[in-house]
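K.L.:
Got a predicted structure here, sequence first:
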Amino acid sequence: DEMQACYLRAFLPMLPAWNADRARLAALYGQGLAGCPGVTPVGRREGSVCHLYVVRAARRHGLRQHLAKHGILTGVHYPVPLHLQPAFADCGLKRGDLPVAERACREIVSLPLWPYMPDAALQEVVERVREFYGGSG
């Protein structure tokens, strides 16, 4: 509609800068979380716009609670694997049929990431994640 067109016209020119900033921040996350026990960043390809910064996390629920206690919100964008979604019920797959996908859905968590996120805010997230897992920086 006209309102969405208005927003697109205003913000679309900023998209390349936003994507570059997200990629820079994702690289900082990668460096900061390297070797952190309990956390494995989800792989990214060259040219990724890094819309989300997703990691696989052991004890995900506890990590999310720990971060929330410190004012850091996280997300779980894909909590249910595709084969268990109602839209795919006709495929005949049940819980346990795709264990890798099911495990991934139990572990993934999106850490905060937005264009122009202050480096200090990202460092705080990294420090709190490492604090939870007992890993040093």
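P.N.:
Good, I have the coordinates.
K.L.:
any chance you could map the helices in the chain?
P.N.:
Assigned by DSSP state H, the helices in the chain fall at 2-11, 15-33, 60-69, 99-107, 119-133.
K.L.:
Can you add distance to Pro79 and give those helices back as CSV?
P.N.:
Bear in mind the C-beta positions are built from the backbone N, C-alpha and C, glycine included. Output for the helices of the chain, formatted as CSV (distance: least, Cβ to Cβ, whole Å):
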stretch, distance to Pro79
helix 2-11, 28
helix 15-33, 21
helix 60-69, 10
helix 99-107, 6
helix 119-133, 20
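K.L.:
right, and these - which one's nearest Gly92?
P.N.:
Nearest to Gly92, of all the helices of the chain, is helix 99-107, at 15.4 Å by Cβ to Cβ.
K.L.:
Could you check the angle the closest one makes with helix 60-69?
P.N.:
Taking axes from the mean of the first three to the mean of the last three Cα atoms, to 10 degrees, helix 99-107 and helix 60-69 form an angle of 20 degrees between their directions.
K.L.:
now helix 99-107, how far from the chain's geometric center?
P.N.:
Centre-to-centre, helix 99-107 and its host chain are 15 Å apart (Cα atoms, centre = their mean, to the nearest Å).
K.L.:
can you pull the buried residues of that helix?
P.N.:
Using 16 or more other Cβ atoms under 10 Å as the test for burial, helix 99-107 gives Ala101, Glu102, Cys105, Glu107.
K.L.:
What does the pLDDT read for the nearest residue to Ala68 once chain neighbours are set aside?
P.N.:
In this structure, Ala68 finds its nearest non-sequential neighbour in Thr74, 7.4 Å apart by Cβ to Cβ, 6 or more residues apart in numbering. Looking at Thr74, its pLDDT is 98.
K.L.:
ok, now which ones touch Thr74?
P.N.:
Leu63, Arg64, Leu67, Ala68, Val109, Ser110, Leu111, Pro112 (Cβ atoms under 8 Å, 6 or more residues apart in numbering).
K.L.:
for His83, same thing?
P.N.:
Cys91, Leu93, Asp97, Leu98, Ala101.
K.L.:
Alright, calling it a day.
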